[in-house]
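Enquirer: here are the coordinates; sequence isn't available:
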């Protein structure tokens, strides 16, 4: 009985490893601009439903920040956010959730960095709106709300 259980366990482990080998595995965290760019070049699209990257000028200085996708899921894509400095690309948000809708610059700003809006499907025929804000070191979620489908119909 023990040998049978051991053999079955070994077969399951080996099958799982073979199946996992085909999955796109992102580079080791913490993600860098270069590691995500290289990973995108190797695998193509992280998730074909969502863009691999977005560009947005969050300081309104003519230099765009770059959102690079690292995890696709049912409602959207998780992005790391990078800004170019004299020393190279610096990550300014570990995770920003987005979708096929472009991020939007908001008027409010902190230390010259504008808040921005991300919109994702809610999974219940509505939308989730999330506003990200600069906290002095990085972008974090300021607030998030669900807009129900009934509200969307009235707009």
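Expert: Done, it's in. What you see is a predicted model, and the numbers here were worked out from it, not measured in a lab.
Enquirer: give me the number of residues near the residue lying closest to residue 28 once chain neighbours are set aside?
Expert: Of all residues not flanking residue 28 in the chain, residue 35 sits nearest, at 7.7 Å (Cβ to Cβ, 6 or more residues apart in numbering). (C-beta placed from N, C-alpha, C; glycine too.) When neighbours are counted by other Cβ atoms under 10 Å, residue 35 registers 17.
Enquirer: Double-check that residue 35 belongs to a helix.
Expert: Yes: Residue 35: assigned to a helix according to DSSP: H, G, I helix; E, B strand; the rest coil.
Enquirer: gap between it and residue 82?
Expert: Residue 35 sits 11 Å away from residue 82, going by Cβ to Cβ, to the nearest Å.
Enquirer: Which stretches in the protein count as strands?
Expert: 53-56, 65-73, 76-85, 88-98, 104-110, 113-121, 127-134, 139-147 (DSSP state E).
Enquirer: Check what pLDDT the residue nearest to the spatial centre of the chain gets.
Expert: Most central in the chain under Cα atoms, centre = their mean is residue 78, positioned 1.7 Å from the mean C-alpha point. At residue 78, the model reports a pLDDT of 95.
Enquirer: so what's it up against?
Expert: Residue 78 is in contact with 69, 70, 71, 72, 95, 96, 97, counting by Cβ atoms under 8 Å, 6 or more residues apart in numbering.
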